[in-house]
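Visitor: Here is my input; please provide its structure:
(one chain, ligands or ions: 2)
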Amino acid sequence: MKILIFGSGGIGGYFGARLAAAGEQVVFVARGAFAYALKHDGLKVFSARGDLHLKPVTLHENAETTGPVDAVLICTKMWSLPAAAEAIRPLLTPETAVVPLQNGVELVALLSDSVGANNLLGGVAYISAHIEAPGVIRHNTQHARIVFGELDGRRSPRAEALHRALERAGIEAVLTTDVTRALWEKFSTLAPLAGACSYLRKDVGGVRDSAGGRELLQALASECVAVGRARGVALPEGWDAQVHARFDELGGAVKPSMLLDLERGNPLELEWLSGAVLRLGDAAGVETPASRKVYDALRPFAEGRNATRARS
Ligand SMILES: NC(=O)C1=CN([C@@H]2O[C@H](COP(=O)(O)OP(=O)(O)OC[C@H]3O[C@@H](n4cnc5c(N)ncnc54)[C@H](OP(=O)(O)O)[C@@H]3O)[C@@H](O)[C@H]2O)C=CC1
Ligand SMILES: CC(C)(CO)C(=O)C(=O)O
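Guide: Ligands and ions are numbered 1, 2, ... in the order given. The predicted structure is shown next:
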């Protein structure tokens, strides 16, 4: 398959490198020092599942040289979505599968005008990976999983083809018939986790061990699940308790990407995590005081302090 990876950072670099190493035709979208490193030194992935060094790397330069693609994995931060949607448009055919892998539940609403409902699928990534240096990705745990599917639940040939490609690349892939639920399952785990770790400035182990850490996580998870259910999402009975089970499965040293960004002075995805819980909670008439506390405390840091990684 010809797969465009839009955004070659933590998740895009990891998934793209694995797909390319397994023989798929992968084209990476990168910029600045990262693009320079990919061009000259290739893409290096350090991972408990095996290191790899991909060289040469095919970089997207323009629509003419890249041509139409079979699938796009959008792997930027949330604030880059409009630019990504605009840039991929000339590369889409009516059959191209566009799978945004960001953490968030508003992706479909944000993208459906610009990308088009025919192209858009939903997806989530379960992985912990970050940029260590330009052209270098560090994958922090064993898990590397993508859950994705057509918005209408059908098992389309394009979704099946992408599923096979991901599996060939050693990525655990789940093709779901209820992607909205999959998005909310991840969101209701991740938004509380990212909120609690960032609010307390602690990794997963630190939150587990700190006084009030679990209570904060529980309160955030309950709010998130209540908002999802109020919107008609079929989250299973007892799902908020599952957040703890998932939290306990994670290694103590894992840091959600929002905490890593906070530590590095990068912009935060706060608006699409706790911010989304507040917005969607307001619209559905669900009270969200714990999410409000976390949002208000982190809001002063949301734009980041590093000019080089300012939002664009
Ligand atoms: N990291 C993780 O472990 C996980 C992350 N996620 C989610 O996945 C998404 C991506 O996260 P992550 O991989 O950490 O993000 P990163 O910041 O590591 O990677 C995003 C990359 O996209 C690049 N990019 C953005 N816009 C453009 C553009 N217009 N042209 C070229 N390159 C561009 C960025 O470049 P630049 O630096 O120049 O902006 C950066 O290299 C987020 O929504 C996150 O919440 C989900 C699961 C796990
Ligand atoms: C918490 C983690 C690393 C677990 O998959 C994650 O999904 C994220 O930070 O976005």
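Visitor: Please state the backbone phi and psi of the residue in the stretch 201-312 of the chain positioned nearest to ligand 1?
Guide: Going by C-beta to the nearest ligand atom, ligand 1 is nearest to Ser257 of the stretch 201-312 of the chain, at 3.9 Å. Bear in mind the C-beta positions are built from the backbone N, C-alpha and C, glycine included. Reported as degrees, to the nearest 10, the phi and psi values for Ser257 are phi -60, psi -30.
Visitor: so who does it touch?
Guide: Applying C-beta atoms under 8 Å, 6 or more residues apart in numbering, one finds that Ser257 lies in contact with Gly10, Asn103, Ser128, His130, Ala194, Glu269.
Visitor: Just give the nearest non-adjacent residue to the last one, would you?
Guide: Setting aside the residues directly before and after it, Glu269 is nearest to Met78 in space (C-beta to C-beta, 6 or more residues apart in numbering), at 5.1 Å.
Visitor: So which bits of the stretch 1-150 of the chain are right by ligand 1?
Guide: Within the stretch 1-150 of the chain, the positions near ligand 1 by C-beta under 6 Å from any ligand atom are 7-12, 29-32, 34, 75-78, 80, 83, 101-103, 125, 127-131.
Visitor: Where does the prediction get shaky in the stretch 101-250 of the chain?
Guide: For the stretch 101-250 of the chain, not a single residue meets the criterion pLDDT under 70.
Visitor: now the helices for it?
Guide: For the stretch 101-250 of the chain, the helices defined by DSSP state H, counting those that start in this stretch cover 107-115, 157-168, 179-200, 204-209, 213-230, 239-249.
Visitor: Domain-wise, how is the chain divided?
Guide: 2-177, 181-301 (automatic domain parsing).
Visitor: So which bits of the chain are right by ligand 2?
Guide: Asn103, Tyr126, Ile127, Ser128, Leu190, Leu193, Val254, Pro256, Ser257.
Visitor: Need the helices of the stretch 101-250 of the chain in a markdown table (columns: distance to Gly67 and mean neighbour count).
Guide: Formatted as a markdown table, the helices of the stretch 101-250 of the chain follow (distance: least, C-beta to C-beta, whole Å; neighbours: other C-beta atoms under 10 Å):
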| stretch | distance to Gly67 | mean neighbour count |
| --- | --- | --- |
| helix 107-115 | 18 | 17 |
| helix 157-168 | 17 | 17 |
| helix 179-200 | 28 | 25 |
| helix 204-209 | 43 | 18 |
| helix 213-230 | 39 | 22 |
| helix 239-249 | 40 | 16 |
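Visitor: Now these in a markdown table, please, with extra columns for distance to Arg145.
Guide: Formatted as a markdown table, those follow (distance: least, C-beta to C-beta, whole Å):
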| stretch | distance to Arg145 |
| --- | --- |
| helix 107-115 | 18 |
| helix 157-168 | 9 |
| helix 179-200 | 10 |
| helix 204-209 | 17 |
| helix 213-230 | 20 |
| helix 239-249 | 12 |
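Visitor: Looking at this structure, which strand is longest?
Guide: Longest strand in the chain by number of residues (criterion: DSSP state E): strand 136-150.
Visitor: How about that one, which residues are buried there?
Guide: For strand 136-150, a neighbour-count test (16 or more other C-beta atoms under 10 Å) marks 136-141, 143-144, 146-150 as buried.
Visitor: In its sheet, which strands sit next to it, and in what direction?
Guide: Strand 136-150 pairs in its sheet with strand 43-47 (parallel), strand 121-133 (antiparallel), strand 172-175 (parallel), by DSSP bridges.
Visitor: And the residue of the protein closest to ligand 1?
Guide: Closest point on the chain to ligand 1, by C-beta to the nearest ligand atom, is Gly9, at 1.9 Å.
Visitor: show me the contacts for that residue.
Guide: Phe34, Cys75, Thr76, His130, Ile131, Ile137.
Visitor: Skipping its backbone neighbours, what lies nearest the first one in space?
Guide: Read that as Phe34. Nearest one to Phe34, counting by C-beta to C-beta, 6+ apart, is Pro134 at 4.7 Å.
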